[in-house]
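In: structure for the following, please:
(one chain, ligands or ions: 2)
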Amino acid sequence: MGPKRINLNYYPKCPNPELTVGVGRHSDVSTLTILLQDNIGGLYVKKLDSNSWVHIPPIDGAIVINIRDALQIMNNGKYKSIEHRVMANGCNNRISVPIFVNPKPNDLIGPLPEVVKNGEKAIYKQVLYSDYVKHFFRKAHDGKVTVDFSKIN
Ligand SMILES: O=C(O)CCC(=O)C(=O)O
Ligand SMILES: [Fe+2]
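Out: Ligands and ions are numbered 1, 2, ... in the order given. Next up, the predicted model:
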């Protein structure tokens, strides 16, 4: 396991939540994200291959663990990172604490040899993790397009 990064997210209540976003749709660059959220709610994940969003209700004492882009690339797309967003709330402030578990910046990430050893075609190339992260932060949140940076064309 490489470096961990912790964010402390504070979403102030917003009188017109329909006019704004909390966090735009994106997937995280990490391997796994471990998320603690308070009891307010507002986190949505996108169903794979559909345009519908599912609310992830806070459960007292529970954490949310999600597969992220680096893990999707390492397992050659078998387990997909999840696109998610946060909706602003009209009545309550919200706090969340994601812990991002990352590869090391100098690690090359790509399909693991164990995954492609039986002749499976690699759909991702090896990229330097720090380049992947730079690519993510160069642009606004845009769903899952970051992962295409690693795709073999
Ligand atoms: O606030 C949340 O529940 C998720 C925040 C998030 O997606 C992020 O910090 O990457
Ligand atoms: Fe996120």
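
In: show me which residues of stretch 28-38 are buried.
Out: 28-35, 37 (16 or more other Cβ atoms under 10 Å). C-beta here means a position set from N, CA and C on the backbone, and glycine is covered the same way.

In: which of these are close to ligand 1?
Out: Checking these against ligand 1 by Cβ under 6 Å from any ligand atom, the ones in range are 28, 35, 37.

In: quickly list what the second one is bridged to.
Out: When you say that, I think you mean Leu35. Beta-bridge pairing of Leu35 under DSSP bridges involves Val64, Pro98.

In: circling back: now, which of the ones next to ligand 1 among the buried residues of stretch 28-38 sits nearest Gln72?
Out: Asp28 (10.7 Å; Cβ to Cβ).

In: which one of the ones next to ligand 1 among the buried residues of stretch 28-38 is nearest Thr20?
Out: Using Cβ to Cβ, those come closest to Thr20 at Gln37, 18.9 Å.

In: and the closest one, what is it in contact with?
Out: The contact partners of Gln37, taken as Cβ atoms under 8 Å, 6 or more residues apart in numbering, are 43, 56, 58, 64, 94-97.

In: quick one on the thing from earlier: a markdown table please, covering the ones next to ligand 1 among the buried residues of stretch 28-38 and showing pLDDT.
Out: Formatted as a markdown table, those follow (pLDDT from 0 to 100):
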| residue | pLDDT |
| --- | --- |
| Asp28 | 96 |
| Leu35 | 98 |
| Gln37 | 97 |
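
In: returning to what we had before: please indicate which of the contacts of Gln37 are buried?
Out: Here, 16+ other Cβ under 10 Å leaves 43, 56, 58, 64, 94, 96 buried among these.

In: so for the nearest residue to the second one once chain neighbours are set aside, what's the pLDDT?
Out: Distance criterion Cβ to Cβ, 6 or more residues apart in numbering; nearest residue to Ile56, sequence neighbours excluded, is Leu43 at 4.6 Å. Here, the pLDDT recorded for Leu43 equals 97.

In: what does Leu43 show for phi and psi?
Out: phi -90, psi 130 (degrees, to the nearest 10).

In: residues contacting it?
Out: Leu43 touches 35, 37, 55-56, 64, 84-86, 96, counting by Cβ under 8 Å, 6+ apart.

In: can you add distance to Asn106 and give the residues you listed back as CSV?
Out: Formatted as CSV, these follow (distance: Cβ to Cβ, whole Å):
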residue, distance to Asn106
Leu35, 26
Gln37, 32
His55, 38
Ile56, 33
Val64, 29
His84, 28
Arg85, 31
Val86, 31
Ser96, 29
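
In: all set now, cheers.
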